[in-house]
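here is a sequence together with a model predicted from it:
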Amino acid sequence: MAVPILRRADYLIASIQSSLSDSEVLALRDDLAEAIGKARARGVVVDVTALDVIDSFVARSLRGIALTAKMRGAETVIVGIQPDVAVAIVQFGLNLEPIRTALDLEEGVTLLHEATGGNEDGR
């Protein structure tokens, strides 16, 4: 199942709706890298609210998405990490640097606004 990627001003929003296979996570990375160039996006929000598990592969892939986006000129914020998932990530010592996180979509867009110097509409 492909992850929808929506555009909001200068930002892209990818909302993961259900658990993804490893190949779907890699496809999301590739799709976002391409979409950043096409949209000339300055930021990406990846919403993981629907995920009740983030394993080491998904955590590394989210990190890879952030690094790939950075190489394409866009900042990345991951939003919606569930409390139990956050605890598990910490307990397993998964390294998510340099990923920025925010509680929800609105906070994520605000964080991108601050990181990119855009206005409230993302410009």
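Cool, got the structure. Numbers count the residues shown, from 1 in each chain.

and the top helix by length along the chain, what's buried?
Ranked by residue count and defined by DSSP state H, the top helix of the chain is helix 22-39. By neighbour count on 16 or more other C-beta atoms under 10 Å, the buried set for helix 22-39 is Glu24, Val25, Leu28, Arg29, Asp31, Leu32, Ala33, Ala35, Ile36, Ala39. (C-beta placed from N, C-alpha, C; glycine too.)

contacting residues around it?
1-3, 5, 7, 12, 14, 16, 20, 41, 44, 46, 57-58, 61, 64-65, 68-69, 72-74 (C-beta atoms under 8 Å, 6 or more residues apart in numbering).

tell me where this protein has helices.
Here the chain has its helices, by DSSP H, at 22-39, 56-71, 83-91, 105-116.

hang on, the earlier thing: the longest helix of the chain to helix 56-71, inter-axis angle?
Interaxial angle, helix 22-39 versus helix 56-71 (axes from the mean of the first three to the mean of the last three C-alpha atoms, to 10 degrees): 10 degrees.

distance between helix 22-39 and the chain's centre?
Offset of helix 22-39 from its chain centre (C-alpha atoms, centre = their mean, to the nearest Å): 11 Å.

any chance you could give me it in CSV, C-alpha atoms only?
This file holds the C-alpha atoms of helix 22-39, laid out as CSV (Å, rounded to 0.1, in the frame of the first residue of the first chain):
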residue,chain,number,x,y,z
ASP,A,22,10.1,-3.3,4.6
SER,A,23,9.8,-2.8,0.8
GLU,A,24,7.0,-0.3,1.4
VAL,A,25,9.1,1.7,3.8
LEU,A,26,11.9,1.8,1.2
ALA,A,27,9.4,2.9,-1.4
LEU,A,28,8.3,5.7,0.8
ARG,A,29,11.9,6.9,1.1
ASP,A,30,12.3,6.9,-2.6
ASP,A,31,8.9,8.5,-3.3
LEU,A,32,9.6,11.3,-0.8
ALA,A,33,13.1,11.9,-2.3
GLU,A,34,11.5,12.3,-5.8
ALA,A,35,8.5,14.4,-4.5
ILE,A,36,10.9,16.8,-2.7
GLY,A,37,12.5,17.7,-6.0
LYS,A,38,9.2,17.9,-8.0
ALA,A,39,7.5,20.1,-5.4
